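Colleague: What follows is a predicted structure for the sequence shown.
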Amino acid sequence: MPVSSPLRVAMVGCGGVSRTHAQVVVAHPQRMTLVACADIDQTRADEWAAKYQAQRTYVDYRKMIEVEKPDITILATWPVQHEEQVLETLARGCKDRKSTRLNSSHLVISYAVFCLKK
């Protein structure tokens, strides 16, 4: 099924694992585009954005989600951070019912179902 416009992808975390995810996104420009990335280190975010052609950078992923309203949010951060980041992403995305990649946590799935029923 052809995609009419590329899905807008946001990356949270610009460290090692993010590179693998970014390579997949940039390999499919007709399907996905990197609209933004966020990292607590602004220099790292800027360098990452330049390398993978992300359009904007942020140091606060919450602000990135609110401003960019991505279709897909990739969490390339430490696993211990995922639950909070998924919940924060869902809370900011529920207003627009955007899709979000989910962790397998029961709490996260329950919250996602709640958001989709709004």
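Modeller: Arrived safely, thanks for sending.

Colleague: Averaged pLDDT, stretch 50-66. What do you get?
Modeller: For stretch 50-66, mean pLDDT rounds to 96.

Colleague: Now the terminal residues of it, how far apart.
Modeller: Terminal residues of stretch 50-66 are spaced 22 Å apart (C-alpha to C-alpha, to the nearest Å).

Colleague: how about the strands of the protein, start to end?
Modeller: 7-12, 32-38, 56-58, 72-75 (DSSP state E).

Colleague: Relative to D46, which of those is closest?
Modeller: strand 56-58 (5.5 Å; C-beta to C-beta). All C-beta atoms are positioned from the backbone trio N, CA, C, and that covers glycine.

Colleague: Summarise which helices and strands that closest one is packed against.
Modeller: strand 32-38, helix 42-52, helix 61-68 (3 or more C-beta pairs under 8 Å, 6 or more residues apart in numbering; DSSP states H and E).

Colleague: closest to V12 out of the ones you listed?
Modeller: Closest among the helices and strands packed on strand 56-58, using C-beta to C-beta: helix 61-68, at 4.4 Å.
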